[in-house]
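In: Pasted the sequence and its predicted model underneath.
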Amino acid sequence: MNVHAVAQRTFSSLSNPNYRKFFFGQTTSLVGTWMQTTAQSWLVFTLTHSATDIGFVVALQTLPVLLLGPYGGVIADRVDKRRLMIVLQSFMGVQAAILAVLSLTHVVNYFDVCVLAVVLGLNNCFENPSRQAFVLEMVGTDNLRNAVSLNSTMNNVARAVGPAVAGIIIAALGEGWCFALNAASFIAVVASLVAMDQSQLHPSVPTIRAKGQLREGLRYVARTPALAIPLVMMALVGMLAYEFQVTLPIVAGTVFHGSSTIYGVLMAAMGVGAIIGGLWTAARGKTGVRAMIRAALIFGVVMTFAALAPVLAVELIALAMVGFASVSFLSMANSTLQLGTDPQMRGRVMALWAVAFMGSTPIGGPLIGWITSAFGARTGLGVGAASCLVAGLIGWLAIRHLRARDPLLHESGDVIPAEDFAS
């Protein structure tokens, strides 16, 4: 095996100077974001001792994505994505700073956390589709799948580092310092966006403002099975499986009778697995519905293992496997949608991806929180596992139906890519 060739293939997007700046700026910021995510869940747990309340805060943070996310995609198609990201990332830093001040002065309460969660969600519903669609403008079509996989790896490096550091900081200094460090981390991502060489970007032609553009995007997805099927699968898995910030604090506190440090270690174990999964997907990953089906089924199996793990050491191994499977599924879904979408529609399609992934949480977060409170954290993880298996079944049935209707389906416009029918 040529190690140099494998490394070049795995990290090919980083040869692009603009993407390299973006990558390292986002990595710094995402470490802070995962510190805040960990600290926020633990703060709510210490304030209320309720999984349902944790789920409610998560729901509030993602509710704007559900309600306004598609419109955020319309905006992304109309404006300069880089400039919009600079403004919104700055606002996100301010939100973290306010939460830090409230926490460090010991006046924070549950209502404050809820309000600031909504503020962050409003930012996310406009920033997320712009950021997702901006990747193609930096790296082009050839390196898109690699860049998306590296983005997932970046997120999961942060998920490995951020929660572990947060657990230590919470134990030593309190949650407020996690929020403060997150506020400071946004300087890195804003600086990376400002420093980009704009002449090397390949922006999509902005969509001219017109009536009915949101409906146009929805109709486009509805008539394109190669987009509609991944979005349905992503919505189900996003709603019930990716609720780890609801379930894992309870796993740490009640199943293994640990502290914030154990919670950080659980999150870090999943992050380590996700780093490996992200690098593997960047080097060898595929796109298409059939690849997503396989990834969803594997995701469901390893989540079942995590739900049944009898001791902490086994749970850490299981969560590392969950991290590997989760990032593979997520990267495949993202790449499949971006590569199958018309450039003029990419912002709207990626907004629907954000709705499927994060916007489904206002339903899934409280539901998993209630299930966890009523039946235990293991059951909460088990429901997530079942959602992955059902999503894989839905994808398989959809492909089977479409192939029965037209065995000669091939990759073009509004049909399933030919690779999805390969053995």
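Out: Done, it's in.
In: Low-confidence ranges, the stretch 301-423 of the chain, go.
Out: 359, 406-423 (pLDDT under 70).
In: Please report the distance of R346 from P206.
Out: R346 sits at a distance of 12 Å from P206 (criterion: CB to CB, to the nearest Å). Where you see a C-beta, it was placed from the backbone N, CA and C, and this is true even at glycine.
In: Between the two, which contacts overlap?
Out: Contact criterion CB atoms under 8 Å, 6 or more residues apart in numbering; residues shared by R346 and P206: D77.
In: Those two - which one has more neighbours?
Out: R346 (25 against 14; other CB atoms under 10 Å).
In: ok, now how distant is that one from D77?
Out: 7 Å.
In: Find the residues that touch each one of these two.
Out: The contact sets of R346 and D77 overlap at 133, 204 (CB under 8 Å, 6+ apart).
In: looking at it, D197 is touching N16, isn't it?
Out: No: D197 is beyond contact range of N16, at 10.1 Å (criterion: CB atoms under 8 Å).
In: Comparing those two, which shows the higher neighbour count?
Out: Taking other CB under 10 Å, D197 and N16 do not tie; N16 has more neighbours (17 against 9).
In: Would you enumerate the residues in contact with the residue lying closest to the more buried one once chain neighbours are set aside?
Out: For N16, ignoring the flanking residues on the chain, the nearest one in space by CB to CB, 6 or more residues apart in numbering is V139 at 5.4 Å. Neighbouring residues of V139 by CB under 8 Å, 6+ apart: 13, 16, 19, 146-147.
In: Closest one to P70 out of those, please.
Out: Taking CB to CB as the measure, P70 sits nearest to A147 out of the contacts of V139, at 24.1 Å.
In: so that closest one is in which element?
Out: Assigned by DSSP states H and E, A147 belongs to helix 144-172.
In: Buried residues in the helix or strand containing P70, which are they?
Out: Using DSSP H and E, the element containing P70 is helix 51-78. By neighbour count, with 16 or more other CB atoms under 10 Å as the criterion, the buried positions of helix 51-78 are 51-66, 68-78.
In: Check which helices and strands it is in contact with.
Out: helix 17-48, helix 110-139, helix 213-222, helix 244-250, helix 346-354, helix 361-375 (3 or more CB pairs under 8 Å, 6 or more residues apart in numbering; DSSP states H and E).
In: how about those, which one is nearest I275?
Out: Proximity to I275, assessed across these by CB to CB, is greatest for helix 17-48 (11.4 Å).
In: Might you calculate how far that closest one sits from the centre of the chain?
Out: Helix 17-48 has its C-alpha centroid displaced from the chain centroid by 12 Å (CA atoms, centre = their mean, to the nearest Å).
In: And that helix, what does it pack against?
Out: Counting by 3+ CB pairs under 8 Å, 6+ apart, helix 17-48 packs on helix 51-78, helix 81-104, helix 110-139, helix 144-172, helix 175-194, helix 244-250, helix 260-284.
In: per-residue confidence averaged over it?
Out: For helix 17-48, the mean per-residue pLDDT is 90.
In: That one: which residues count as buried?
Out: Across helix 17-48, burial judged by 16+ other CB under 10 Å covers 18-19, 21-23, 25-45.
In: center of this protein, which residue is that?
Out: Centroid-nearest residue in the chain, with CA atoms, centre = their mean: F357, separated by 6.6 Å.
In: For S326, see how far away that residue is.
Out: Separation of F357 from S326 (CB to CB) stands at 11 Å.
In: Now list whatever residues contact both of those two.
Out: Common contacts of F357 and S326 (CB under 8 Å, 6+ apart): Y242.
In: per-residue pLDDT, V3?
Out: 61.
In: tell me the contacts of A282?
Out: A282 is in contact with 10-11, 146, 149-150, 153, 331, counting by CB under 8 Å, 6+ apart.
In: give me that answer again for 6 Å
Out: Shown in contact with A282 (CB atoms under 6 Å, 6 or more residues apart in numbering): 10, 146, 149-150.
In: Please name the nearest non-neighbouring residue to R348.
Out: Counting by CB to CB, 6+ apart, the nearest residue to R348 once its immediate chain neighbours are dropped is G217, at 3.3 Å.
In: count of neighbours near that neighbour?
Out: For G217, the count of nearby residues is 25 (other CB under 10 Å).
In: What of A313?
Out: Using other CB under 10 Å, A313 has 9 other residues around it.
In: Can you give me the distance of it to A51?
Out: With CB to CB as the criterion, A313 and A51 are 24 Å apart.
In: same check, this time on N109
Out: Distance from N109 to A51, counting by CB to CB: 19 Å.
In: Just the closest of the contacts of A282 to L279, please.
Out: T10 (5.9 Å).
In: need the contact list for the closest one.
Out: With CB under 6 Å, 6+ apart, T10 has these contacts: 279, 282-283.
In: Any chance of JSON lines for these, columns pLDDT and distance to G176?
Out: Formatted as JSON lines, the contacts of T10 follow (pLDDT from 0 to 100; distance: CB to CB, whole Å):
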{"residue": "L279", "pLDDT": "78", "distance to G176": "34"}
{"residue": "A282", "pLDDT": "71", "distance to G176": "36"}
{"residue": "A283", "pLDDT": "72", "distance to G176": "40"}
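In: In TSV, list those along with distance to T254.
Out: Shown next, in TSV, are those (distance: CB to CB, whole Å):
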residue	distance to T254
L279	34
A282	36
A283	39
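In: buried set for stretch 209-226?
Out: For stretch 209-226, a neighbour-count test (16+ other CB under 10 Å) marks 213, 217, 220-221, 224-226 as buried.
In: okay, these in CSV with pLDDT and distance to L193 next?
Out: Below are the buried residues of stretch 209-226 laid out as CSV (pLDDT from 0 to 100; distance: CB to CB, whole Å):
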residue, pLDDT, distance to L193
Q213, 78, 26
G217, 81, 25
Y220, 88, 29
V221, 87, 29
T224, 86, 31
P225, 87, 35
A226, 86, 31
